[in-house]
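Q: Based on what follows, work out the 3D shape:
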Amino acid sequence: MRRLFKPLIILIGILFLQGASENIFCSSPFIEIKSGIQDTMLARQLLYNGKIWRNTTSKIEGDPYLFSRDFLTGSVTISGRTFENNYLLYDIYNDEVLILSDRRSIINLNKELISRFSLDFNNQVYKFIRLRTDSLSEVSGFVNELYSGKSAVYVKYRKLIQIKAVDNIYDAFYEVYHIYILKDGSPQQVKNKRQLYSVFQDQKQKIQDFIRSHKIKISDKHPENFIPVAEFYDSLKK
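A: Reported below is the predicted structural model:
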């Protein structure tokens with residue numbers, strides 16, 4: 001009996017440590033592929049193409065994630081295949097997407113293979129795409145796609161580190177975001193009416209009239225207000 005008891009205790013200890021080390025916030029969902037093919041070994045290999053996540057920011061106050069440090073439900077498109085009903089975290093400090101695998105491990109996905117992903121937060125679906133721009137562009141990586149037509153409206157979220165922000169001792173994360181208008185294939189940052197008129201210079205007077213008549217407040221504090229303006233501009237280009 002003693003021979004069996006000692007290995008059993010060791011096994012229980014290993015399982016406990018394994019679960020604790022993975023820092024799991026929720027259980028793994030059932031993965032579905034948009035094409036209708038259910039979870040297979042080949043699909044998992046495609047989805048889980050990446051490396052095991054390691055926490056490298058534990059000594060910094062706050063966290064590097066967008067919206068929440070808890071996993072959020074969302075989809076991810078990798079190599080042209082869309083996987084629904086995953087648990088995801090978006091690390092906006094490193095611009096990386098983390099996924100909770102079916103083996104209860106956290107994987108840092110290969111972002112070079114990701115074309116888009118989504119996050120469900122507060123009853124709203126946020127859609128992200130990966131911009132592949134040249135070295136001269138102001139923005140690259142994942143952006144929140146608010147509108148996409150002939151032009152587009154993007155929001156780029158980032159977290160930066162403020163040195164010794166807490167009690168003049170500890171570093172801390174803080175979040176920033178920038179709004180971009182994509183026109184003629186080039187994303188340009190916009191904060192106010194002046195910059196917006198500069199982007200849409202070819203239709204400046206009509207854009208001014210539209211904003212005035214619809215009483216639209218243009219400010220980087222209201223990214224959603226840039227959407228109807230971009231839609232109106234695209235309607236002029238038909």
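Q: switch to C-alpha atoms for all contacts and neighbour counts from now on
A: Will do.
Q: if we look at stretch 204-222, which residues are touching it?
A: 178-179, 190-193, 197-198, 200, 225-226, 229, 232-233 (Cα atoms under 8 Å, 6 or more residues apart in numbering).
Q: hmm, try it at 6 Å
A: For stretch 204-222, contacts defined as Cα atoms under 6 Å, 6 or more residues apart in numbering pick out 191-193, 197.
Q: Buried members of these into ChimeraX, please.
A: Buried residues within the contacts of stretch 204-222, by 16 or more other Cα atoms under 10 Å, are selected in ChimeraX with:
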select :191,193,197
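Q: just the contacts of stretch 204-222 now: which is nearest residue 50?
A: residue 191 (35.8 Å; Cα to Cα).
Q: where do the strands sit along this protein?
A: 32-33, 50-52, 72-78, 81-91, 96-100, 106-109, 114-121, 124-131, 141-148, 152-166, 170-183, 186-190 (DSSP state E).
Q: Where does the prediction get shaky in the chain?
A: Within the chain, the stretches with pLDDT under 70 are 1-41, 133-137.
Q: quick one: contacts for the residue nearest the centre of it?
A: Centroid check for the chain by Cα atoms, centre = their mean gives residue 90 as the closest residue, at 4.5 Å. With contact taken as Cα under 6 Å, 6+ apart, residue 90 is in contact with 65-66, 97.
Q: Now render these as a markdown table, adding neighbour count and distance to residue 170.
A: Formatted as a markdown table, these follow (neighbours: other Cα atoms under 10 Å; distance: Cα to Cα, whole Å):
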| residue | neighbour count | distance to residue 170 |
| --- | --- | --- |
| 65 | 24 | 18 |
| 66 | 17 | 21 |
| 97 | 21 | 26 |
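Q: so which of the residues you listed comes closest to residue 237?
A: Checking these against residue 237 by Cα to Cα gives residue 66 as the nearest, at 35.1 Å.
Q: follow-up on the earlier one: which single one of the contacts of residue 90 is nearest to residue 120?
A: residue 66 (11.6 Å).
Q: show me what contacts the closest one?
A: residue 90.
Q: That one and residue 89, how far apart?
A: 8 Å (Cα to Cα, to the nearest Å).
Q: Just the contacts of stretch 204-222: which are in helices?
A: 193, 197 (DSSP state H).
Q: Kindly reformat the contacts of stretch 204-222 as JSON lines containing distance to residue 118.
A: Formatted as JSON lines, the contacts of stretch 204-222 follow (distance: Cα to Cα, whole Å):
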{"residue": "191", "distance to residue 118": "25"}
{"residue": "192", "distance to residue 118": "28"}
{"residue": "193", "distance to residue 118": "29"}
{"residue": "197", "distance to residue 118": "31"}
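Q: Could you check how many residues crowd around residue 168?
A: 8 (other Cα atoms under 10 Å).
Q: Kindly provide the distance from it to residue 162.
A: For residue 168 relative to residue 162 (Cα to Cα), the value is 10 Å.
Q: Also residue 92?
A: Distance from residue 92 to residue 162, by Cα to Cα: 15 Å.
Q: Who has more neighbours out of these two?
A: residue 92 (20 against 14).
Q: any idea how far residue 103 is from that one?
A: Using Cα to Cα, residue 92 is found at 25 Å from residue 103.
Q: thought residue 60 was touching residue 171?
A: Yes - applying Cα atoms under 6 Å, one finds residue 60 in contact with residue 171, separated by 5.3 Å.
Q: So what's the gap between stretch 178-187 and the chain middle?
A: Its chain's C-alpha centre and that of stretch 178-187 lie 18 Å apart, by Cα atoms, centre = their mean, to the nearest Å.
Q: Compute the first-to-last residue distance for that stretch.
A: Using Cα to Cα, the two ends of stretch 178-187 sit 11 Å apart.
Q: I am finished for the moment; much appreciated.
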